[in-house]
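Participant: I'll drop the sequence and a predicted model, then ask my questions.
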Amino acid sequence: MQHDLKNMPDNLKPPITISCSHTVKDILCEALKSYAQDVLPDKDAGQYGATRHQMLNVIRHIEQTYKDDGDALMIEQNYRGPCMAAIHHHYSRIHQTLNSSVYEQRQLLLDMFQGEPVSDNQLDSALQRDNLL
């Protein structure tokens, strides 16, 4: 019997494998940090504080396990939603600050959580399409 991953609880799904360049990894960590600081309250605030603590653990995990371009990062499925929310938050802030489109960059990073590898060339192309280069 084949299991349908869509209907399976996140804690039972296999981890998400992310393959990206060092630059993209840094952008992802920056997005996660700003989301944890701006949106998630301190750990004394109940469930949201626990989520902030978990997000900071994800950042540490990424920074400790990622060494070279193309290294695979394994992120637990239950962090997918908060990571994607962090990407949306990060690029919304950039859009407000620069008053410029960031759609292509945002979509590129979101695609990582669908298993798409992301290179510096793809990031450069996204920056050009967003008219930021």
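Facilitator: On my side now, so go ahead. Residues are numbered from 1 along each chain as shown.
Participant: for the residue nearest in space to the middle of the chain, list the residues it contacts.
Facilitator: With distances taken as C-alpha atoms, centre = their mean, Cys83 lies nearest the centre of the chain, 4.3 Å away. Contacts for Cys83 were tallied using C-beta atoms under 8 Å, 6 or more residues apart in numbering; they are Leu28, Leu32, Val58, Ile75, Phe113. C-betas here are computed from N, CA, C, even on glycine.
Participant: how about residues contacting the helix or strand of the chain with the lowest mean pLDDT?
Facilitator: One helix or strand of the chain scores below all others by mean pLDDT, DSSP states H and E: helix 47-65, with a mean of 81. Applying C-beta under 8 Å, 6+ apart, the contact partners of helix 47-65 are 25, 28-29, 32-33, 35-36, 40-43, 71, 73-75, 79, 82-83, 86.
Participant: put the buried members of those residues into a ChimeraX selection.
Facilitator: The ChimeraX selection below is limited to those of the contacts of helix 47-65 classed as buried (16 or more other C-beta atoms under 10 Å):
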select :25,28,29,32,35,36,40,73,75,79,82,83,86
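Participant: restricted to strands, list the contacts of helix 47-65.
Facilitator: Leu73, Met74, Ile75 (DSSP state E).
Participant: ok, back up a step: so can I have TSV of the contacts of Cys83 showing distance to Val102?
Facilitator: Conversion of those to TSV gives the following (distance: C-beta to C-beta, whole Å):
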residue	distance to Val102
Leu28	14
Leu32	17
Val58	22
Ile75	22
Phe113	17
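Participant: pick the one among those residues closest to Asn121.
Facilitator: Asn121 lies nearest to Leu28 out of those, by C-beta to C-beta, at 17.0 Å.
Participant: that closest one: what's it in contact with?
Facilitator: Ile18, Cys20, Ile62, Cys83, Ile87, Leu109, Met112.
Participant: same check on Gln105?
Facilitator: Contacts of Gln105 (C-beta under 8 Å, 6+ apart): Tyr91, Leu123, Ala126, Leu127, Asp130, Leu132.
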